[in-house]
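Engineer: quick one: sequence plus predicted model below, questions after.
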2 protein chains.
Amino acid sequence: MSLTESSAVDIAKAASSASRHLATRSEAERNQALTALHDALLANKAAILEANARDLRTAEQSVAGGSLSHSVLKRLDLSRPGKYDDMLHGILSVRSLKDPIGNVTLKTLLDDGLTLEKVACPIGVLLIIFEARPEVIANIAALSIKSGNAAILKGGKESTESFIAIANVISEAIASTRVPQASVQLVKTRAAVSDLLAQDSYIDLVIPRGSNELVRFVKENTKIPVLGHADGLCSAYLHSDADPEIAVKVVVDSKTDYPAACNSLETLIVHQEVLESVLPPVAKALIAKGVSLRCDLSSKTALAEVLNASEAETLQDAHDSDFDTEFLDLTLAVKTTTDLEAAVAHVNAHSSKHTDVIITESAVVANFFMKGVDSAGVFWNASTRFADGMRYGFGTEVGISTNKIHSRGPVGLDGLTIYKYLIRGNGHQAGDYFDGEGGRKYKHENLQQTL
Amino acid sequence: MSLTESSAVDIAKAASSASRHLATRSEAERNQALTALHDALLANKAAILEANARDLRTAEQSVAGGSLSHSVLKRLDLSRPGKYDDMLHGILSVRSLKDPIGNVTLKTLLDDGLTLEKVACPIGVLLIIFEARPEVIANIAALSIKSGNAAILKGGKESTESFIAIANVISEAIASTRVPQASVQLVKTRAAVSDLLAQDSYIDLVIPRGSNELVRFVKENTKIPVLGHADGLCSAYLHSDADPEIAVKVVVDSKTDYPAACNSLETLIVHQEVLESVLPPVAKALIAKGVSLRCDLSSKTALAEVLNASEAETLQDAHDSDFDTEFLDLTLAVKTTTDLEAAVAHVNAHSSKHTDVIITESAVVANFFMKGVDSAGVFWNASTRFADGMRYGFGTEVGISTNKIHSRGPVGLDGLTIYKYLIRGNGHQAGDYFDGEGGRKYKHENLQQTL
């Protein structure tokens, strides 16, 4: 691994070649590289934090000059209490995860001496483009090595110094192991993102880690499959039989637990029959938490009658665009609907296929919603905020995907794998199998129970 | 379903909407639609064959005029013995396949009363673009309905009359069932392929069924994921310990069983140590079957010494481009290599990631090859021709994918599915879970053994 000034195509070719060697490395060899990575980052903590401090000083000037937000500055800072240790600990947790490679998910006896296996294997080459957080470098390097994929990492300019320091340490650490050096290549800003995004014959998957704008830019500028989500427009639907207490708990948590998150609530859909029963306590609880409600006419009229004056004052009129807006803030659009089917149709037309929730007491209604809504996560009487790899128990999360193929929702290590088919024979010829006299027949005997 | 003259965006929107309703239909309802499809095609056989005969007459004129190949004409013909019955039988076999929808592959107790499930579901909307074969319409309609996906079918101009006839029958048949009509839309040639390929916000997957040129055109002209393969450049490697008898059987079958197939052999890689031992019997057997060998210098020199004059006469010199050529004919490129690693590198650089084979007596060598070669299928001592959905025991085949994500190799019904995460709770809030006093902890208890 080196912090390289090579051309995008050279970088991509080297990654592709390294990926084929990395795919032959055992779990022990890959885990050993993670240990080396961890130890080297621990040993070089002081130097890396010094480099990070240089990034911070530059960033502080940009913040003072108004060209950088304070939140970016905060994300840059590796010296915040616990952050560096979390980064180190993250490498060890990835190391301790079950090997995602080599799992046999299908084993069939095709005929005597002829077996077919479907085996999990690495995808190949990942391109990871990220913004400020320098600890992502270590995290992604660890995930890539664990899953047997080569990675090309392209960082944001704010973290250049931290990036170089971490890159050099990782580079040396990997050089001492059985993992090929070019398995992790860190690319400085000089090589343009667009040049890398054009390497679709060598790069198999792009993972953008950063703002919605970054993800959208990447999706619009490459033929390589992109794993991630540009938007997180989640909605909750209060059905006509919604339990008011459950509605309050789920909606308040979904909206207010962390409003800037992609899995927080942006639209509340309310069945017209509960505008005056379930909606009011939900609205009161939200307003008490400082949430501004942007209501359609029916919901605003209903609420205006039951809220007190100071609460009612906070109500706003919803515009059509509010139902397509990811507020990422204490604002919630409220939409009235006539029935379940209309609610499902609204969600499918406006949500970003991330996570949507129904509040109902009926299993039949819930199942219809869960089948009909085309999103990665569909929840019944539970907060949208549970849509998260750690909460799902995946141990780590590569990102949350709103794609329709390969991986959806929170993506763990498995999302960085694919499979191949292996056949082992003894000189078997396909021409020997045919209907009629003298033709052999396939046995197609399942040698392993699959799900 | 109707043979529509609507715009591409209207067609795609209608498909998207239908797909959401179709996703809520039970297995029985989907199977019932397949029965209706089958019965209607059986009842209308005469009318459909009449329409097909009109296509054939037009095509015969084009063949006579030199603007159409005889093989296209042959593929058009639905009246060939057994063909129509095979089409009907195909619908019933799809109906009898295990439901690919609803399979739960993960079930986790997150906490008391809070469960997470990962459930197989339809992808959404498929766009299938095919060339001459009219029976593909019935096949694809059946596969789509079975897997709960809406399908937009776009046929080639040679089969227009057959297409219209089949479309009308399918349309009426579906109208009598619980499957939404717009679940299968058949688009006449007037709506341009490129307009449909631009509907990436409504169409989730494109499946081109036809020539390599068609697949290449589709891949280059859409942002929608494409399932298929543009090329099938398969190779076989004879290692230094290859058994000559196995080598002859595997290479001859791979090359000559059906040379025009995507899973037939195009390149033979030979370890230099067996140029004079294993290669000669293989070459003799191939030449006896009419195969022309395009040899690099080392292999030609070695063969020239052991072949008889008439055999040696057939040898040709290989050019670099021969190792990147899918001959689809009785021609085979022969390449000498110095070792296993170089063979793997050659395969990864030149094969189309479809299917590659090693002939060796060593399990260690075979495993290295099988891990190192980045192809959908990697076989040991078995013919490339086994790379096929029916031979794998999948019951049906949507196509063979050389993609690196989602589906690789022969794709069965499962390749038309993805999954969603369902959470069922009782008013659970994510904010209740945190480290420290009063915080709840996730249980992450596996409620189902997964592989």
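Structural biologist: Everything's here; your move.
Engineer: doesn't A:E29 fall inside a helix?
Structural biologist: Yes - counting by DSSP: H, G, I helix; E, B strand; the rest coil, A:E29 is found in a helix.
Engineer: residue contacts, it?
Structural biologist: A:T177, A:R178, A:V179 (Cβ atoms under 8 Å, 6 or more residues apart in numbering or on different chains). All C-beta spots, glycine's among them, are computed from the backbone N, C-alpha and C.
Engineer: who wins on neighbours among these?
Structural biologist: A:V179 (27 neighbours; other Cβ atoms under 10 Å in any protein chain shown).
Engineer: in a helix, that one, correct?
Structural biologist: No - A:V179 sits outside any helix when classified using three-state DSSP, being coil.
Engineer: would you confirm that it contacts A:L34?
Structural biologist: No - contact between A:V179 and A:L34 fails when scored by Cβ atoms under 8 Å: they sit 9.1 Å apart.
Engineer: residues shared between the contacts of the two?
Structural biologist: Common neighbours of A:V179 and A:L34 (Cβ under 8 Å, 6+ apart) are A:I145.
Engineer: what's near enough to touch the closest residue to A:K219 other than its chain neighbours?
Structural biologist: Among residues not flanking A:K219 along the chain, A:V226 sits closest, at 5.0 Å (Cβ to Cβ, 6 or more residues apart in numbering or on different chains). A:V226 makes contacts with A:L205, A:V206, A:I207, A:P208, A:V215, A:V218, A:K219, A:N403, as judged by Cβ under 8 Å, 6+ apart.
Engineer: the closest residue to chain B within the stretch 251-400 of chain A: neighbouring residues, count only.
Structural biologist: Residue nearest to chain B within the stretch 251-400 of chain A: A:A382 (3.0 Å; Cβ to the nearest Cβ). Neighbours of A:A382 under the rule other Cβ under 10 Å: 31.
Engineer: phi, psi for it please.
Structural biologist: Phi and psi for A:A382, reported as degrees, to the nearest 10, are phi -150, psi 150.
Engineer: run through the residues that contact it.
Structural biologist: Per Cβ under 8 Å, 6+ apart, neighbours of A:A382: A:V250, A:V357, B:L114, B:I423, B:R424, B:G425, B:N426, B:G427, B:H428.
Engineer: beta partners for it?
Structural biologist: With DSSP bridges as the criterion, A:A382 is bridged to B:H428.
Engineer: do you know how far it is from A:A285?
Structural biologist: 17 Å (Cβ to Cβ, to the nearest Å).
Engineer: quick one, strands of the stretch 251-400 of chain A?
Structural biologist: A:265-271, A:292-295, A:316-317, A:331-337, A:355-359, A:377-382, A:399-401 (DSSP state E, counting those that start in this stretch).
Engineer: ugh, wrong one, the stretch 51-200 of chain A
Structural biologist: Using DSSP E, counting those that start in this stretch, strands in the stretch 51-200 of chain A cover A:104-111, A:114-122, A:125-130, A:150-154, A:184-187.
Engineer: need those strands in a markdown table with mean neighbour count, mean pLDDT and distance to chain B, can you?
Structural biologist: Compiled in a markdown table, these are given as follows (neighbours: other Cβ atoms under 10 Å in any protein chain shown; pLDDT from 0 to 100; distance: least, Cβ to the nearest Cβ, whole Å):
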| stretch | mean neighbour count | mean pLDDT | distance to chain B |
| --- | --- | --- | --- |
| strand A:104-111 | 18 | 96 | 5 |
| strand A:114-122 | 21 | 98 | 6 |
| strand A:125-130 | 26 | 93 | 9 |
| strand A:150-154 | 27 | 94 | 11 |
| strand A:184-187 | 26 | 90 | 18 |
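Engineer: which among those is found nearest to B:S201?
Structural biologist: strand A:125-130 (23.1 Å; Cβ to Cβ).
Engineer: roughly how far is the closest one from the heart of the chain?
Structural biologist: 13 Å (Cα atoms, centre = their mean, to the nearest Å).
Engineer: then stretch A:182-190?
Structural biologist: 22 Å.
Engineer: what helix or strand is A:R424 on?
Structural biologist: Using DSSP states H and E, A:R424 sits within strand A:417-428.
Engineer: how close does A:D204 get to B:E445?
Structural biologist: Distance from A:D204 to B:E445, by Cβ to Cβ: 34 Å.
Engineer: repeat that for A:E172.
Structural biologist: 42 Å.
Engineer: setting aside sequence neighbours, what's the nearest residue to the residue nearest in space to the middle of chain A?
Structural biologist: With distances taken as Cα atoms, centre = their mean, the residue of chain A nearest its centroid is A:G399 (1.7 Å). Using Cβ to Cβ, 6+ apart and skipping the chain neighbours, the partner closest in space to A:G399 is A:G228 (4.9 Å).
Engineer: touching, that neighbour and A:E397? I think so.
Structural biologist: No - counting by Cβ under 8 Å, A:G228 sits too far from A:E397 to count as a contact (11.4 Å).
Engineer: burial measure for the closest residue to chain B within the stretch 101-250 of chain A, as a count.
Structural biologist: Closest contact between the stretch 101-250 of chain A and chain B, by Cβ to the nearest Cβ, is at A:I246 (3.7 Å). A:I246: 21 surrounding residues under other Cβ under 10 Å.
Engineer: doesn't it lie inside a helix?
Structural biologist: Yes - assessed with three-state DSSP, A:I246 lies in a helix.
Engineer: look at it and report its pLDDT.
Structural biologist: For A:I246, the pLDDT comes out at 98.
Engineer: A:T325: what's it in contact with?
Structural biologist: A:L233, A:E266, A:A333.
Engineer: correction: the previous question concerned A:A247.
Structural biologist: A:A247 makes contact with A:L238, A:V278, A:P281, A:V282, A:I359 under the criterion Cβ under 8 Å, 6+ apart.
Engineer: neighbours of the last one, how many?
Structural biologist: Right, the one you point to is A:I359. Other residues close to A:I359 by other Cβ under 10 Å number 31.
Engineer: pretty sure it sits against A:I246.
Structural biologist: Yes - counting by Cβ under 8 Å, A:I359 touches A:I246, with 5.8 Å between them.
Engineer: so what sits against both of those two?
Structural biologist: A:N381.
Engineer: quick one: average confidence on whichever helix in chain A runs longest?
Structural biologist: Longest helix in chain A by number of residues (criterion: DSSP state H): helix A:45-65. Averaged across helix A:45-65, pLDDT comes to 94.
Engineer: who are the packing partners of that helix?
Structural biologist: The helices and strands touching helix A:45-65, judged by 3 or more Cβ pairs under 8 Å, 6 or more residues apart in numbering or on different chains; DSSP states H and E, are helix A:70-76, helix A:83-96, helix A:160-175.
Engineer: mean pLDDT for the ones you listed: which is lowest?
Structural biologist: helix A:70-76 has the lowest average pLDDT among the helices and strands packed on helix A:45-65, namely a mean of 84.
Engineer: just the ones in helices from the contacts of A:V226, please.
Structural biologist: Going by DSSP H, the helices hold A:V215, A:V218, A:K219 from those.
Engineer: and the first one, what pLDDT?
Structural biologist: Same thing as A:V215. So A:V215 comes in at 90 (pLDDT).
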